[in-house]
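*Asks:* with the input below, show me the fold.
(one chain, ligands or ions: 1)
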Amino acid sequence: MNWKRRIGQVLVFVALTILTQIGGIVYLASKLAAAAMGMRRSSATLLAFILIYVAATASASMVAPIFGRVPISCTTRASDTVAVQSSIYCLLNRNYVTPSMLNLVSALAVDVNQKFPGTTTVVLDGNFPFWDGFPLLPHLSHSDGRKLDIAFYYKDTNGDFINRATRSPVGYFAFEQASPGDEQPCKGRRDILTTRWDLDWLQPLFPTYSIEEKRTAFALEWLATEGVRRFGLDKVFIEPHLRNALGQTGDAIRFQGCRAARHDDHIHIQVH
Ligand SMILES: [Zn+2]
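*Replies:* Predicted structure coming up:
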């Protein structure tokens, strides 16, 4: 085999592992399976990959509890109070959390919906199903099941709440820009080693929804009170300018630091 092909295979293995955790191993298995059946064509490997990947992803939800993780359900019934933003997250095995995190987000969603009927709480990246210490990039800390990102609640330009909507198609990177007088601890910094990306070129592509303040403030307040008292919530990360605008002062609501990703496109929560 020529070396270019070998390097290509290593890159595919690494990319699939970073993106989905089990994808790299499934890729190796599909190569072996195709070879064992005497089929060397890439279409045979691709078919084997899809079949094994689907089986492995389905099995992951049954095996993950051994590693202390459970999946957030990807079924999309209209009556669900909590929903994963896109089935892509489930397809990539990024919807796993500890049982205590699942309890917390489920209770949050029920209470938000009770206060504002017809509201679904939308979640983004959780963690992979297996092995503590295996990060879910680009979130370095999402490596132990105890972390979860929640989307903001949004309203349209008329001020009407839009259920399950996010500004960005994946829920991330549509930033709420601070105004000149706002608290901006990272203003003027030029860090090279940082995951605080501004992605200015991307911003004009997103719809002009804005944060629905009542629901988002209620959720933050719930997290800092009920979440801490009853569900072992440790921290909530959100940018200071949004915390201030939403009138939140709870001790659990913190700033993540300037080298971590911006948190004015989503809320990060973690449990003890
Ligand atoms: Zn996070």
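*Asks:* what's the longest helix in this protein?
*Replies:* The longest helix of the chain (DSSP state H) is helix 42-63.
*Asks:* so the residue most central in space within the chain, which state does it fall into?
*Replies:* Note on the chain: the residue nearest the mean C-alpha position is Asp125, at 1.4 Å, using C-alpha atoms, centre = their mean. Judged by DSSP: H, G, I helix; E, B strand; the rest coil, the three-state class of Asp125 is coil.
*Asks:* Ala165 now?
*Replies:* Secondary structure, three-state DSSP: Ala165 is coil.
*Asks:* what's the burial count for it?
*Replies:* If you count neighbours by other C-beta atoms under 10 Å, Ala165 ends up with 18. No exception for glycine: its C-beta is placed from N, CA and C like everyone else's.
*Asks:* looking at it, it is touching Ala174, isn't it?
*Replies:* No - if you go by C-beta atoms under 8 Å, Ala165 and Ala174 don't touch, sitting 11.0 Å apart.
*Asks:* tally of neighbours for Asp132?
*Replies:* Neighbours of Asp132 (other C-beta under 10 Å): 12.
*Asks:* what's the pLDDT at it?
*Replies:* Reading off the confidence values, Asp132 has pLDDT 91.
*Asks:* before we move on, back to that, contacts only, for the residue nearest to the centre of the chain.
*Replies:* Applying C-beta atoms under 8 Å, 6 or more residues apart in numbering, we find Asp125 in contact with Tyr89, Arg94, Leu136, His139, His142, Leu148, Asp149.
*Asks:* coming back round to it: next secondary structure element downstream of the longest helix of the chain?
*Replies:* Counting by DSSP states H and E, the next helix or strand C-terminal to helix 42-63 is strand 70-71.
*Asks:* remind me what whatever helix or strand comes next after that following strand packs against, helices and strands.
*Replies:* Note on strand 70-71: by DSSP H and E, the next helix or strand toward the C-terminus is strand 82-84. Applying 3 or more C-beta pairs under 8 Å, 6 or more residues apart in numbering; DSSP states H and E, we find strand 82-84 packed against helix 99-115, strand 121-123.
*Asks:* is the ion within reach of stretch 80-93?
*Replies:* No - under the criterion of C-beta under 5 Å from the ion, the ion is not reached by stretch 80-93; the shortest gap measures 12.8 Å.
*Asks:* export that stretch as CSV, just CAs?
*Replies:* The C-alpha coordinates for stretch 80-93 follow below in CSV (Å, rounded to 0.1, in the frame of the first residue of the first chain):
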residue,chain,number,x,y,z
ASP,A,80,-41.2,16.8,24.9
THR,A,81,-40.1,19.6,27.3
VAL,A,82,-36.4,18.9,26.6
ALA,A,83,-35.0,18.2,23.1
VAL,A,84,-31.6,17.8,21.5
GLN,A,85,-31.2,20.7,19.0
SER,A,86,-30.5,18.4,16.0
SER,A,87,-30.4,14.6,15.5
ILE,A,88,-26.8,15.2,14.3
TYR,A,89,-25.8,15.4,18.0
CYS,A,90,-27.2,11.9,18.6
LEU,A,91,-25.8,10.5,15.3
LEU,A,92,-22.4,11.7,16.5
ASN,A,93,-22.9,10.3,20.0
